[in-house]
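Trainee: okay, here's the prediction I keep looking at, along with the sequence it came from:
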Amino acid sequence: MTAPCSLTEIGWEEFRALPPDHKAVYLQAGAREYHVLLAQQFSRERLDALGRLATRIRRIAKADEGRRYLRDLLAGRRAMLYFTQPSSRTFLSFCAACQILGMDIGEVRDTAVSSEFKGESQEDSVRTFSSYFDLIIMRSQIGGLAERMAWVLSNTDRPVPIINAGSGKDQHPTQALLDVYTLQRSFERRGGPDGKTIVFVGDLARGRTVRSLSWLLTRYRDVTQIFVAPPELQIGEDVLGWLQQAGVQYERTNDMAACLPRADAVYMTRIQDEWDAAGESRRIPTEAFHFARRHLDLLKPDAVVMHPFPRRQEIAPDVDSDPRAVYWRQMRNGMWIRAALIASVFGKDTAIEASHVLDA
Amino acid sequence: MTAPCSLTEIGWEEFRALPPDHKAVYLQAGAREYHVLLAQQFSRERLDALGRLATRIRRIAKADEGRRYLRDLLAGRRAMLYFTQPSSRTFLSFCAACQILGMDIGEVRDTAVSSEFKGESQEDSVRTFSSYFDLIIMRSQIGGLAERMAWVLSNTDRPVPIINAGSGKDQHPTQALLDVYTLQRSFERRGGPDGKTIVFVGDLARGRTVRSLSWLLTRYRDVTQIFVAPPELQIGEDVLGWLQQAGVQYERTNDMAACLPRADAVYMTRIQDEWDAAGESRRIPTEAFHFARRHLDLLKPDAVVMHPFPRRQEIAPDVDSDPRAVYWRQMRNGMWIRAALIASVFGKDTAIEASHVLDA
Amino acid sequence: MTAPCSLTEIGWEEFRALPPDHKAVYLQAGAREYHVLLAQQFSRERLDALGRLATRIRRIAKADEGRRYLRDLLAGRRAMLYFTQPSSRTFLSFCAACQILGMDIGEVRDTAVSSEFKGESQEDSVRTFSSYFDLIIMRSQIGGLAERMAWVLSNTDRPVPIINAGSGKDQHPTQALLDVYTLQRSFERRGGPDGKTIVFVGDLARGRTVRSLSWLLTRYRDVTQIFVAPPELQIGEDVLGWLQQAGVQYERTNDMAACLPRADAVYMTRIQDEWDAAGESRRIPTEAFHFARRHLDLLKPDAVVMHPFPRRQEIAPDVDSDPRAVYWRQMRNGMWIRAALIASVFGKDTAIEASHVLDA
């Protein structure tokens, strides 16, 4: 078997040194993604196609017959969830996505249980485990491990696609996809994300969610991005660099209330103090970046409030019951867009689009 | 989607304050259970109906064709096993029950692996995880968590049924169901549990098994309950209160041998020293509450010996081979009654009863 | 239900005391294995039959239709993976084997999570868990536990087959099977393992892999076995005893390079320092027992290099890309031979052999 992507045509060191948008082309199998490693792999067309596929899968899954149809698609295929960086929500979301399509699952969560304690390299471990599976979904503290394994496995005689479920500080492409899908669904009857104003609030300096989403939004026309944060946690200069280069309109401010009336979507985030060196977050006043019930009055009637979760005090629980609070649905969108992505990696997208199961 | 139960019509604090038998009505969807939280939910009619359904499922599952029929019933549905209080036997029993019906499973066992360590509330965690599932089976140290989550989820736009698999010191309704089912099966040709004498032996003061079973037996006519324990571990006054109110005949004694000739079922239990404050159980002499091979001679030929397991020295291993020792079958009954319960929650009971798969 | 093997006809102490080749007959159900505990159970005919079955399953699994056919074979059957001795690779390999055949899986990995901490005997635990399953796959530090449980369960009214996935220092029969299957496949067009020269290299004194394989190779004609190790880690006298008794030609040496030109298969192994009492392995010079890229030049063009994994420095990573390095395929062979074994335990071998699914 030869890998359907072109990672076979480039050396590891050369590939590794490329900027993300140049890496993207090596990960594709024709128009589709083969390895899913980087937000930069997704063109506007692909974002829209995957969103449509996710919606179709979601609708098919509403009835018993549709659920059986979906489960038959990848029956007999197995996915390994290699999650050495723990995350129950991402794990369960991918798990459900695989199960919707009928895949069986194996998991490695604790490397102490694996043979690594016998002195095996992580590369050997992953390659060994991959022997038993048709897809690897990988979440790791080690930045670049998913890329490395994608290159290694593509250059064996049993290549297996890899989906990055979060690696190091850099990439978490399926989180960005689910955020885009949530915007697509939220603005379904208003022309999609084009022309909308997205307000990011909270800890914008750290964590990969806002960075990836901000980047992916450059795929859409006339999106205004507003970054609301205390000065110490403002969005990085590199992101502003991208935005400028892409001709995107953006603003930076620390006044949340002032931005809310203009927002089509408010994307709240948590203070990521797990990256603190010495508890410095505690010295930053963050109450001004919490969304309370009274803020709902400032929002447009068709705006939405999003949050990647977990949350602490960023959004008061009594906001949850407002129809504009879409963060619970956002979770569930993650499951659907991941199912769409996996179906696409295995080339089942055309079958799903052509199927008559919804006509019944 | 609106919850099919009436938890939407009552506030949390009001619901929480109700006594168990008043709570029950809020958890039902018509005649069936929607959330399964309390032993008090089960009427005599429901106990009998679930027992019949369990037996039917058990028979259907004997052949390949029947197993396939059952697996198709809930194919494409997913159950989350949220087991933050560990219990392999209850976990595996529910796991098997779901698999019999074709459900896929996701699990959360260790909260340290979940996002709770990032400061998320347990309520947010459970609700998030519930996004990916159609059923939550929950076992927790926290008394009342299952009730709280049932109320919370019923008041969202994506309600999901919850089955309590043991919460705190109070309730473990499916254990009580499996005990009743074991009595139903054991006395199948002798008119069921009505009119029988049940002897409870051991640590009757602590743990929820005996309490729940004793309560459920009040649903049957003319059952005599005998409680055999050292004085320090005798059954609580509150239980005797129920029994008196229900007009049930009971006795308390510390003489096991004297009761055995009258017993239709002997329900042995373990000293639950995990609830000790300071090892006080060790000072209580308990040998007189152990069932040895010689005690079999005192039993009626059609009596049964039960145990909820795990056991220590309460029953000598050489009792295991006697046909009246039904505790291994009792384990397996748990799997069948749980499968029946889950099938019923999803409204598949009528289909199973009407199916022709056994006629083949 | 009565166990189809004859463990019902012998007492435990009598069975336990038998030598392995006398035990074998008690574990069979007719010509097939019922419990799989010992390498000594497999005759030449069975090794060949299982190898053929594994190859047939592997071919059927190449297409969607074949994968669905296989998944239907044991649909509705459940396997428990009781892995109290951790091993991700063996776990995932068995997991995949079960999934190929459509079995559902339950697992017990951590005895601390089981009821054993409540004072239950391990025997009660395993028997309890077995209530919910149709097959037990067991890996344990405790030598003989799998044998004991096979005897215990065979003498109950619900016998369940047990597959030993590694117990104590002694047996790991499915590892030996996969090694034999790798030799069968590697020499498929050269008459199989008969007449070949197998060179074992490394730590031959400890670990069960080499011992079991060496033993199983006595089932083949005219196999020469060469043991290459530092004196401290040479193969045990007991193994040489078997070989002598079986009339097998063998050599012992510490000169790896000298043996390579004659080898049909080189079986590399890791220094098993987890068995060290006080780090004594570190004082043994082992570089002379590492396989480097330059050693490939000494090998015949159709020889193969094997390794049971995990590896450390025994084989340089730049050997991996040579077509004679079959150790990755060897991993995958484990999955196929285990699937064949499980299919056979459930009597599905004849159906697989007779099926027309490959004719399509």
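Mentor: Arrived safely, thanks for sending. Numbers count the residues shown, from 1 in each chain, chains lettered A, B, ... in the order given.
Trainee: CA atoms for contacts and neighbours, from now on please.
Mentor: Noted.
Trainee: where exactly do the helices run in chain A?
Mentor: Ranges of helices in chain A, per DSSP state H, are A:12-17, A:20-23, A:44-60, A:64-73, A:88-100, A:122-130, A:145-154, A:173-186, A:209-217, A:237-245, A:256-259, A:327-345, A:349-354.
Trainee: do the fifth one and chain C meet at all?
Mentor: No - against chain C, helix A:88-100 shows no contacts by CA under 8 Å from any CA of the partner chain, the least distance being 13.0 Å.
Trainee: do that helix and chain B meet at all?
Mentor: Yes - judged by CA under 8 Å from any CA, helix A:88-100 and chain B are in contact via A:S88, A:R89, A:L92, A:S93, A:C95, A:A96, A:Q99, A:I100.
Trainee: now pLDDT too, for those, in JSON lines please.
Mentor: Written out in JSON lines, the entries for the residues of helix A:88-100 next to chain B read as follows (pLDDT from 0 to 100):
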{"residue": "A:S88", "pLDDT": "87"}
{"residue": "A:R89", "pLDDT": "89"}
{"residue": "A:L92", "pLDDT": "95"}
{"residue": "A:S93", "pLDDT": "97"}
{"residue": "A:C95", "pLDDT": "97"}
{"residue": "A:A96", "pLDDT": "98"}
{"residue": "A:Q99", "pLDDT": "98"}
{"residue": "A:I100", "pLDDT": "98"}
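Trainee: using a markdown table, lay out those together with neighbour count.
Mentor: As requested, the residues of helix A:88-100 next to chain B are arranged in a markdown table below (neighbours: other CA atoms under 10 Å in any protein chain shown):
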| residue | neighbour count |
| --- | --- |
| A:S88 | 24 |
| A:R89 | 24 |
| A:L92 | 24 |
| A:S93 | 26 |
| A:C95 | 28 |
| A:A96 | 30 |
| A:Q99 | 27 |
| A:I100 | 28 |
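Trainee: one step back: quick one: closest of the helices of chain A to B:K23.
Mentor: Taking CA to CA, helix A:327-345 is the member of the helices of chain A nearest to B:K23, at 27.7 Å.
Trainee: hmm, who's touching that closest one?
Mentor: Under the criterion CA atoms under 8 Å, 6 or more residues apart in numbering or on different chains, residues A:32-35, A:50-51, A:53-55, A:57-58, A:93-94, A:96-98, A:100-101, A:161, A:174-175, A:177-179, A:181-182, A:305-308, A:349, B:128, B:131-132 lie in contact with helix A:327-345.
Trainee: over to stretch A:351-360?
Mentor: Contacts to stretch A:351-360, defined as CA under 8 Å, 6+ apart, come from residues A:L53, A:R56, A:I57, A:R59, A:I60, A:E65, A:G66, A:Y69.
Trainee: what of stretch A:143-153?
Mentor: Stretch A:143-153 is contacted from outside by A:7-8, A:12, A:16, A:35, A:37, A:123, A:126-127, A:138-140, A:159-164, A:167-170, using CA under 8 Å, 6+ apart.
Trainee: filter those to the buried ones?
Mentor: Applying a neighbour-count criterion of 16 or more other CA atoms under 10 Å in any protein chain shown, the buried members of those are A:7-8, A:35, A:37, A:126-127, A:138-140, A:159-164, A:167-170.
Trainee: check what pLDDT A:M256 gets.
Mentor: The pLDDT attached to A:M256 in the predicted structure is 97.
Trainee: nope, A:S186 is what I was after
Mentor: Looking at A:S186, its pLDDT reads 97.
Trainee: show me the domain layout of chain A.
Mentor: As assigned by automatic domain parsing, chain A contains the domains A:6-172+A:334-354, A:174-332.
Trainee: please identify the deepest-packed of the ones you listed.
Mentor: A comparison of the domains of chain A by mean neighbour count, using mean count of other CA atoms under 10 Å in any protein chain shown, puts domain A:6-172+A:334-354 on top with a mean of 20.
Trainee: for A:S214, see how far away A:R270 is.
Mentor: When distance is defined by CA to CA, to the nearest Å, A:R270 is 16 Å away from A:S214.
Trainee: sorry, that was for A:P161
Mentor: For A:P161, the distance to A:S214 - CA to CA - is 26 Å.
Trainee: poorly predicted segments of chain A, please.
Mentor: Scanning chain A for pLDDT under 70 picks out the ranges A:111-118, A:360.
Trainee: rerun that using 50 as the cut-off
Mentor: Counting by pLDDT under 50, chain A shows low-confidence ranges at A:115.
Trainee: which positions in the stretch 151-300 of chain A make contact with chain C?
Mentor: For the stretch 151-300 of chain A, the residues found near chain C under the criterion CA under 8 Å from any CA are A:T156.
Trainee: by proximity to chain C, which residue of the stretch 151-300 of chain A wins?
Mentor: A:T156 (7.6 Å; CA to the nearest CA).
Trainee: give the contact list for that residue.
Mentor: Remark: with contacts taken as CA under 8 Å, 6+ apart, A:T156 is in contact with A:T2, C:S321.
Trainee: unless I'm mixing things up, A:F291 is touching A:P317, no?
Mentor: No - with contact taken as CA atoms under 8 Å, A:F291 and A:P317 are classed as non-touching, separated by 9.8 Å.
Trainee: distance to C:G279 added to the helices of chain A, as JSON lines?
Mentor: Putting the helices of chain A into JSON lines (distance: least, CA to CA, whole Å) gives the following:
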{"stretch": "helix A:12-17", "distance to C:G279": "37"}
{"stretch": "helix A:20-23", "distance to C:G279": "46"}
{"stretch": "helix A:44-60", "distance to C:G279": "55"}
{"stretch": "helix A:64-73", "distance to C:G279": "52"}
{"stretch": "helix A:88-100", "distance to C:G279": "39"}
{"stretch": "helix A:122-130", "distance to C:G279": "24"}
{"stretch": "helix A:145-154", "distance to C:G279": "32"}
{"stretch": "helix A:173-186", "distance to C:G279": "45"}
{"stretch": "helix A:209-217", "distance to C:G279": "47"}
{"stretch": "helix A:237-245", "distance to C:G279": "51"}
{"stretch": "helix A:256-259", "distance to C:G279": "62"}
{"stretch": "helix A:327-345", "distance to C:G279": "47"}
{"stretch": "helix A:349-354", "distance to C:G279": "56"}
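Trainee: what's the closest of those helices to A:I226?
Mentor: Distances from A:I226 to each of the helices of chain A were compared using CA to CA; the shortest belongs to helix A:256-259, at 7.9 Å.
Trainee: just the CA atoms of the closest one, as CSV, please.
Mentor: What follows is helix A:256-259 as a C-alpha-only set of coordinates in CSV (Å, rounded to 0.1, in the frame of the first residue of the first chain):
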residue,chain,number,x,y,z
MET,A,256,-16.3,44.2,26.4
ALA,A,257,-19.6,46.0,26.9
ALA,A,258,-18.9,48.5,24.2
CYS,A,259,-18.4,45.7,21.6
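Trainee: what's next to it, contact-wise?
Mentor: Residues outside helix A:256-259 that contact it (CA under 8 Å, 6+ apart): A:V199, A:V201, A:I226, A:V228, A:A288, A:F289, A:H295, A:L298.
Trainee: quick one: the first one and A:F227 touch, right?
Mentor: Yes - applying CA under 8 Å, one finds A:V199 in contact with A:F227, separated by 6.0 Å.
Trainee: related to what we said a few turns ago, chain C: which of the contacts of stretch A:351-360 is nearest?
Mentor: A:Y69 (13.2 Å).
Trainee: closest one to B:M1 among the domains of chain A?
Mentor: B:M1 sits nearest to domain A:6-172+A:334-354 of all those, at 11.9 Å, using CA to CA.
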